[in-house]
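1. Generate a structure from the sequence data that follows.
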Amino acid sequence: MTALVYDLLIVLAIMMVANMLGLLVTGGRLLDEQQHLRAWWFPLFEAACVGGYFVASWRRGGQTIGMRPWRIRLTTATGDTPSWPQLLVRLGVAAAPWLLLGLTQWVGLRLALWAVLVAWIVWYIPALIDPRRRAVHDIVAGTEIRSPP
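-> Numbers count the residues shown, from 1 in each chain. Purely as a prediction, here's the structure:
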């Protein structure tokens, strides 16, 4: 979890660059007068940028920048580098709780954020009982986090 905090800084930088590109492409009109998103493609672009960071990092060396200080690495059960499909499945399942933010218009932002937090807690509960300490996204993708001996 601490590695995710480190990676949050990288994600913020990626989001700033993605927002700058979005503003350049739309001529500074990413939002309309009522502050509604005008570019339907922009959330998908942001997700692709952030997801690309994680998948590329895991594929190239098995580590994100946040994982390096802790010397942990993403591998398969046999210690190999995960395949592209495994990485995409892991990313999709790990990011699935973010979809709960879609509830915001019905339940409000505060409740939607709580729903995301509860979903992530549920996602990590299996790590407490799994002998290899795998969360839901690792179980589904067939991957695991390894630390040095």
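2. what about Leu99, how many residues close to it?
-> 11 (other Cβ atoms under 10 Å). Every C-beta, even on glycine, is put in place using the N, C-alpha and C of the backbone.
3. Please determine how far it is located from Pro43.
-> Using Cβ to Cβ, to the nearest Å, Leu99 is found at 11 Å from Pro43.
4. same question, Arg132
-> 34 Å.
5. so Leu4 is in which element?
-> If you go by DSSP states H and E, Leu4 is part of helix 2-25.
6. how far is that helix from where the chain is centred?
-> 12 Å (Cα atoms, centre = their mean, to the nearest Å).
7. what mean pLDDT would you report for the following helix or strand past that helix?
-> Downstream of helix 2-25, the next assigned helix or strand under DSSP H and E is helix 42-59. On average, the pLDDT along helix 42-59 is 94.
8. For helix 42-59, name the packing helices and strands.
-> helix 2-25, helix 84-95 (3 or more Cβ pairs under 8 Å, 6 or more residues apart in numbering; DSSP states H and E).
9. just these: most buried one?
-> Using mean count of other Cβ atoms under 10 Å, the stretch among those with the largest mean neighbour count is helix 84-95, at a mean of 17.
10. which other residues reach that one?
-> 47, 51, 54-55, 58-59, 74, 76, 82, 123, 135-138, 140-143 (Cβ atoms under 8 Å, 6 or more residues apart in numbering).
11. let's go with 7 Å and repeat that
-> Under the criterion Cβ atoms under 7 Å, 6 or more residues apart in numbering, residues 51, 54-55, 58-59, 136-138, 140-143 lie in contact with helix 84-95.
12. again with stretch 121-139
-> Under Cβ under 7 Å, 6+ apart, the answer for stretch 121-139 is 90, 93-94, 97, 144-145.
13. Could you check that stretch and say which residues are buried?
-> 123, 134-139 (16 or more other Cβ atoms under 10 Å).
14. Just the C-alphas of it, formatted as PDB.
-> What follows is stretch 121-139, C-alpha atoms only, in PDB (Å, rounded to 0.1, in the frame of the first residue of the first chain):
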ATOM      1  CA  ILE A 121     -10.900  -2.800   1.400                       C
ATOM      2  CA  VAL A 122     -13.000  -5.800   0.100                       C
ATOM      3  CA  TRP A 123     -10.500  -6.200  -2.700                       C
ATOM      4  CA  TYR A 124      -7.600  -6.500  -0.200                       C
ATOM      5  CA  ILE A 125      -9.300  -8.800   2.400                       C
ATOM      6  CA  PRO A 126      -8.200 -12.000   0.500                       C
ATOM      7  CA  ALA A 127      -4.600 -10.900   1.100                       C
ATOM      8  CA  LEU A 128      -5.100 -11.500   4.800                       C
ATOM      9  CA  ILE A 129      -5.900 -15.200   4.300                       C
ATOM     10  CA  ASP A 130      -4.200 -16.100   1.000                       C
ATOM     11  CA  PRO A 131      -0.900 -17.900   1.700                       C
ATOM     12  CA  ARG A 132       0.800 -15.800  -1.000                       C
ATOM     13  CA  ARG A 133      -0.800 -12.500   0.200                       C
ATOM     14  CA  ARG A 134      -2.600 -11.900  -3.100                       C
ATOM     15  CA  ALA A 135      -5.500  -9.400  -3.400                       C
ATOM     16  CA  VAL A 136      -8.400  -9.900  -5.700                       C
ATOM     17  CA  HIS A 137      -6.700  -8.400  -8.700                       C
ATOM     18  CA  ASP A 138      -3.700 -10.600  -8.300                       C
ATOM     19  CA  ILE A 139      -5.800 -13.800  -7.800                       C
END
